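> give me coordinates for this.
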Amino acid sequence: MAISEEELQKEKKILRKVSKLLGNTLSELGNDVIQDEENLVEFKKMMWENASSFDAGEAQQVMYATAMEADKAYQKQQYFKRLCKIKDKPYFASIVFKEESGEIYNIYMSLTYLKDQNTNNILYDWRSPICSLFYDYETGPASYVAPGGIYKGELKRKRQYKIEKGKLLGVFDNSLNIDDEVLQEVLATESSDRMKNVVNTIQQEQNQVIRNLDDHNLIVQGIAGSGKTTVALHRIAFLLYRLKNLNSNNILIFSPNNIFTEYISDVLPSLGEDNTLQTTFADYLYSFIPEYPNIESFSDFVSRYYSYQEVNPELVTYKQSDKIIDDLDAFLENYIDHCKFIYNFTEGDKNLILKEDCNEMLHDRYQKLPLFERIEEMAERLSSQFYKGSNKKKKTFEKLFYENANFKKDYKEIVKMFYQSEFCRMKLEEKEIRCFVDTDVLHYEDALIFAYIKGSLEGFLYEGTIKQVIIDEAQDYNRLQYIIINQIFKKADFTILGDINQNINPYYHYRSLEDLKNLFREDTKYIELLKTYRSSPEIIEYTNKILNLRHVNAIRKENHKPVVIRKNTLNLKESLLADMQHLKSEYKSLAVITKDDKEALKIYDLVKEGIDVSLVDADSKKFKKDCIIIPAYAAKGLEFDSVIIYNDRNNSYRKNERNLLYVACTRCQHELYIYN
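Numbering: from 1, shown residues only. Below you'll find the predicted structure:
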């Protein structure tokens, strides 16, 4: 709702006042930052020149003082950068809140805070407790939780601003109504090459995830277009703001592929925070399994299935199943029980160490450790015992242990032993086993099993510096992966986001992501996001039919552009180019989404001479969304203004591949074309 002319003039006056204060603060802070850097350089120079005159205690004190000053200077630099980001758009919303005490607060919300000369808050960081009122309540009775307790009162007004380059272009009073003007304007905006922050349009259900501090672990089931990834990134920014001793290097995001990592790379910096650590699960496997020069990516793993290159899908299904976890555990327990030393440690005719004593250490004294870690501990103990506390012969003793044992540290052989054992439910020939174990490129499903066996026998690489783990596209991870992740990040908190309807792992399915709760600590909460903000109602209606869904709540207003179906096109090249040229002229981004890489390459070769287009796959790290051709499993998490779905008539989506088609179609915001 537009405001009165009188109110508009007041708001313009406030903007001028805030902009002036912001400019002055930036000028003063900029000088301070420069001065701090010069002082630190001089201080370090002085310490270096006088280092010889300090005793150990004095040197430690000076180093501590230097570190403290450097940290203060860094914090000042970070604040300066955040203020620079809001220079052209100081704030995006305001609220008027009347506490029960009668005190009235007029709060202007920004990406960071700003104080005047009297240290009064002029701008409030959107993550501050009182700002939650804007996201959680319509006008009327309201309350918020802060470190001092619960504050109750009445939310008198909610107002949003459109400010560009310091100019006030629009002011709207609104409620939490999902049809509010600012939200609909944002939804109607064409997509960009990278994801953007949405602090001005966060909705109540999203805010409940972002600001949750009560539960250590969150499992979020969100339908396509519900903003799962956006919520996760804003949650990271919120946690960095609210949790002491948490920085970007303490947070790890598991992304589905490299495209996605690039796509989200601007969100946290736009919120004034550094990007966190990011990886894919395949990258982790590559680092943990140096025994193989190459590890297959998840995208290549599913590509084998959807392009019908997998020769034994039944075996892959077993490798991905929950059953194999029980089988591996039983095999490993049996394997360890039968490990023993069969010879005494001798020197000439003299027995130095009896095999019975070694077996007692192996199976009793160090039984709580992984098998090969026991050998390390035993070797260290004997080295210390025989060489007066020295560990210099530890490696020698390790070698002796393996020479005198009926087992060795050869994971490829142990994996083969599992498949040849009574514990494996699939009966395989030795030649078949060698084919997927003795290879230069370890398949994704085999890498999971290899990593589990290796981690169980020598321990997983514990990452104690990681305090928060974000897992996106959680439905594509099987149970074994979550067990491995839990072992690596034992003390971390998790935010897990996914949608069972967008599962593209053809070998593993969840009835509900709530099934994951029993894999984490008791303080794990399951939340559902049931509104979609991405696609038009026309597109939502079409995609619902693919999976027989009825629960999708579309927020975007109708654009009256029906889904276009192209069947039995006589001249494919001519028709595709015409549709691509039309959509490219209407929108900022267009994706032709194919079923697999082979079809993507085919269409690219067909149209590349007639239109400026890029071919993108899951390994692409840089891309522009203006006009691309991409396979469906690489498009996960992305969104485009317009989409053409293409598949060859001889390579149509089968009944058990409907989820992949659903993923492809739900990438579209405004206009969707279907070929074949």
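> and residue 153, helix, strand or coil?
strand (DSSP: H, G, I helix; E, B strand; the rest coil).
> now do the same contact list for the spatially closest residue to it that is not a sequence neighbour.
Leaving out its chain neighbours, the residue that sits closest to residue 153 by C-beta to C-beta, 6 or more residues apart in numbering is residue 99, at 4.2 Å. C-beta coordinates here come from the backbone N, C-alpha and C atoms, glycine included. By C-beta atoms under 8 Å, 6 or more residues apart in numbering, the contact list for residue 99 reads 105, 151-153.
> then residue 2?
Taking C-beta under 8 Å, 6+ apart, one finds 171-173 in contact with residue 2.
> where does the protein have its least confident helix or strand?
helix 181-188 (a mean of 54; mean pLDDT, DSSP states H and E).
> following it, which helix or strand shows up next?
Per DSSP states H and E, the first helix or strand lying C-terminal to helix 181-188 is helix 204-210.
> and the contacts of the helix or strand that that next one is followed by?
Using DSSP H and E, the helix or strand that follows helix 204-210 in sequence is strand 217-222. Contacting residues not belonging to strand 217-222 are listed as 209, 212, 228, 231-232, 474, 493-500, 512-514, 516-517, 520-521, 523-529 [C-beta under 8 Å, 6+ apart].
> any of those residues buried? List them.
Neighbour counting over the contacts of strand 217-222 (16 or more other C-beta atoms under 10 Å) leaves 209, 212, 228, 231-232, 474, 493-500, 513, 516-517, 520, 524, 526-527, 529 as the buried ones.
> dump the residue contacts of the residue nearest in space to the middle of the chain.
The residue lying closest to the centre of the chain (C-alpha atoms, centre = their mean) is residue 253, at 3.3 Å. Residues in contact with residue 253 (C-beta under 8 Å, 6+ apart) are 232, 236, 261, 264, 276-279, 470, 472.
> mind running it again at 10 Å?
Residue 253 makes contacts with 229, 232-233, 236, 260-261, 264, 268, 275-280, 468-472, 495, as judged by C-beta atoms under 10 Å, 6 or more residues apart in numbering.
> kindly report the same for residue 488.
252, 284, 288, 451, 455, 460-464, 466, 469.
> just to be sure, residue 102 is in a strand?
No - going by three-state DSSP, the assignment for residue 102 is coil, not a strand.
> where does it land on pLDDT?
For residue 102, the pLDDT comes out at 94.
> check the offset of stretch 355-371 from the chain's centre.
Offset of stretch 355-371 from its chain centre (C-alpha atoms, centre = their mean, to the nearest Å): 40 Å.
> list the buried residues of it.
Quick answer for stretch 355-371 (16+ other C-beta under 10 Å): 355, 358, 361-362, 366, 369-371.
> farthest-separated two in those residues?
Every pair in the buried residues of stretch 355-371 was compared (C-beta to C-beta); the two farthest apart turn out to be 355 and 370, at 21.4 Å.
> can you give me the neighbour number for the closest residue in space to residue 115 that isn't next to it in sequence?
Counting by C-beta to C-beta, 6+ apart, residue 115 lies nearest to residue 121, which is 5.9 Å off, once chain neighbours are set aside. Residue 121 is flanked by 15 other residues according to other C-beta atoms under 10 Å.
> correct me if wrong: residue 121 contacts residue 128.
Yes - contact criterion C-beta atoms under 10 Å: residue 121 and residue 128 qualify, at 8.6 Å.
> mind listing which of the contacts of strand 217-222 are in strands?
Mapping the contacts of strand 217-222 onto strands (DSSP state E) picks out 493-498, 524-529.
> quick one on the thing from earlier: and the residue nearest to residue 153, how far from residue 669?
According to C-beta to C-beta, to the nearest Å, residue 99 stands 41 Å off from residue 669.
> with residue 279 instead?
Taking C-beta to C-beta, one finds residue 279 at 29 Å from residue 669.
> between these two, which is the more surrounded one?
Neighbours were counted for residue 279 and for residue 669 using other C-beta under 10 Å; residue 669 has more, 26 against 14.
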